[in-house]
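S.K.: Sequence first, then the predicted structure:
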Amino acid sequence: AAELSPPLTSRYPERKTDLSIGQSFLAENPAATRLMAQLKEQITKAYADTNPSCILHDYPCEYMGPVKQLPMVGKLDALHAHVRDTLFEYIKASSPSTTLAADTLEIDTSYHKAVLDQQLQFRFVGRVDETQAVLDYCHEANEEDGEDIFDIVPFIIHSKPGSGNSCLVANVIDQMRDDQNLRNDCIIYHFVGSSPHSSNVRLVLLRLCSLLQRKFDLNFHLPDDFPSLSRCFRLLISYVIKIRNKRLFLFLDGLDQLDPEYHGQMLHWIPLKSKARVICTMHTGSATHGAVVQRYERDIKTL
């Protein structure tokens, strides 16, 4: 019963209309007319409690003529906006007040978790010695020999493409999550290529720093530039281990797939040595593998 231009109210004798046009908008049979009337009454009763000035009975529109031999009404912007806003307010009112929208970090982390879960769906067979070697590295006790905190090199896993490095990493992470001795420690993983920005080394550092910041409830502003993030990353690793007395395990998969920006594939942003357990994977013969061999020489722990 909206105000139409030209008027279109053949079912309402108090208004002038073209009956031939109006008949096109009538229901096809009495049963349909009755059901439509019941629906309108139900909507009106439910809506009247929240908005007495019910726009459902009075909104601007315009007869657009026949389209593909069917009568059409258009210019319903006011009704569309009203329905949209009313629905949005209803959703907000119905949702718990404590529900928060997922932030960027949560969304990005969900991509990495999806890759981890996907890898764990495959039945992992073989590479028993490699798996045990990584677990031994992770459980190796720190030597209290009075040296500076930066005293442990990363563990490097390199192999030909398709050898299952990601699956190996996922299997190790899964076993460590079930280890009761590690339940109070921190395990962080990053799969390059799992999310839209996971190959940008600056954003990788920002994500890792943000995860550590949130994990340990640290309230400070993270820098945005690459050099400052690199320094911040090292400081956070030291803080977690030395101040919070937690073991830290970092799994970084597919580092040879990092973007060339900032020369991230050379891994200079990863501490040369630290008490954190850093496990990195890459393809044999890649530029990243070459940089690792040159950087660590004989000290590297590798598969």
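M.R.: Received, thanks. Numbers count the residues shown, from 1 in each chain.
S.K.: Report the central residue of this structure.
M.R.: I107 (1.9 Å; C-alpha atoms, centre = their mean).
S.K.: And the one helix or strand that residue maps to, what does it pack against?
M.R.: Using DSSP states H and E, I107 maps to helix 104-121. On a contact count with 3 or more C-beta pairs under 8 Å, 6 or more residues apart in numbering; DSSP states H and E, helix 104-121 meets helix 165-177, strand 186-191, helix 201-215. (C-beta placed from N, C-alpha, C; glycine too.)
S.K.: Quick one: these as JSON lines, columns for mean pLDDT and mean neighbour count too.
M.R.: Shown next, in JSON lines, are the helices and strands packed on helix 104-121 (pLDDT from 0 to 100; neighbours: other C-beta atoms under 10 Å):
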{"stretch": "helix 165-177", "mean pLDDT": "92", "mean neighbour count": "20"}
{"stretch": "strand 186-191", "mean pLDDT": "96", "mean neighbour count": "20"}
{"stretch": "helix 201-215", "mean pLDDT": "95", "mean neighbour count": "20"}
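S.K.: And the pLDDT for E41?
M.R.: Note on E41: pLDDT of 82.
S.K.: Now it, what are its backbone angles?
M.R.: Backbone dihedrals for E41, given as degrees, to the nearest 10, come out at phi -70, psi -40.
S.K.: quick one: it from D58, how far?
M.R.: Noted for E41: a distance of 17 Å to D58, by C-beta to C-beta, to the nearest Å.
S.K.: measure stretch 172-186 end to end?
M.R.: 14 Å (C-alpha to C-alpha, to the nearest Å).
S.K.: pLDDT weak spots in this protein?
M.R.: Along the chain, segments meeting pLDDT under 70 span 1-27, 47-57, 92, 94-102, 123, 141-151, 297-303.
S.K.: can we see that at 50?
M.R.: Residues of the chain that meet the criterion pLDDT under 50 lie in 1-17, 19, 97-101, 142-143, 145-150.
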